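1. Task: produce atomic coordinates for the following.
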Amino acid sequence: MSDKLVDAMSNMKEQEALEITQALLDDGKNPMDILDASSKAMEIVGKRFESGEYFLPELMMAGEMLKQISEMVKPKIKGDVNSKKWGKVLIGTVRGDIHDIGKDIVIFLLDVNGFEVRDLGIDVPPEKFVEEIRGFQPRVVGMSGLLTLAYDGMKDTVRAIEEAGLRDGVKIMIGGGQMTEKVKEYAGADAFGKDAMEGVALAKNWIGGAVK
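-> I've put the predicted structure just below:
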């Protein structure tokens, strides 16, 4: 049925997607599998947007579906996560990209895992990342981007953080449907997450323990 959820979401069948989600939850399915299916669907939506098959209205509808599904799934995950408190994570979609779907999944999972997350939103310029690193003082910075044009936005942001003298104080992870080891090296990040859960695992590994 997870495949049906991917199909419904990627083809803009909102009501069907919500009904499938409820049925999966009623059947006791792992809520993380539902989020994984949602993420796969959003990757399809992103590729269709980049190819010109989908436009901004479809992106907005997909984002709304994801938010509704997240709200349905969140109570099921809350009970599964321990109360350990971790550190601060700053995250945003880099300049030139307006996708927030994958970013919002990562924020959602960081939140339920006990991180303090500050979301910068979409199309965030490098100087905004620098400003927020100074003020918020995160241990981890996450940069999201779905389109290939986000690569330069990530590289420019890492360079700005370096030029501000803040690079040694943070770990930087990038994420998005088309991120690879090669893109990570091009951008100058420390790691890339293949999916949202890997992003959470990276943050936990880097921070390395509970915040007192």
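2. and the residue nearest in space to the middle of the chain, what does it touch?
-> Geometric centre of the chain, nearest residue: residue 103, 2.4 Å, by C-alpha atoms, centre = their mean. Neighbouring residues of residue 103 by C-beta atoms under 8 Å, 6 or more residues apart in numbering: 91, 92, 93, 119, 122, 142, 144, 175. Using the backbone N, CA and C atoms, a C-beta is placed for each residue, glycine as well.
3. Can you say which helix or strand has the second one in it?
-> Here residue 92, judged by DSSP states H and E, is contained in strand 88-93.
4. now swap in the fifth one and tell me
-> In this structure, residue 122 is located outside every helix and strand according to DSSP H and E.
5. right, and residue 24 touches residue 1 too?
-> Yes - contact status for residue 24 versus residue 1: in contact at 5.9 Å, counting by C-beta atoms under 8 Å.
6. So for the two, which sits in the more crowded spot?
-> Taking neighbours as other C-beta atoms under 10 Å, residue 24 and residue 1 compare with residue 24 leading, 22 against 14.
7. quick one: the more buried one and residue 115, what's the gap?
-> Distance, residue 24 to residue 115, by C-beta to C-beta, to the nearest Å: 26 Å.
8. need the strands for the protein, in chain order.
-> 88-93, 116-119, 140-144, 171-175, 191-193 (DSSP state E).
9. Highest average neighbour count across those: which stretch is it?
-> Burial of the strands of the chain is given as mean neighbour count (mean count of other C-beta atoms under 10 Å); strand 140-144 ranks first at a mean of 28.
10. what's near enough to touch the residue sitting furthest away from the middle of the chain?
-> Going by C-alpha atoms, centre = their mean, the residue of the chain most distant from its centre is residue 27, 26.8 Å out. By C-beta under 8 Å, 6+ apart, the contact set of residue 27 is residue 1.
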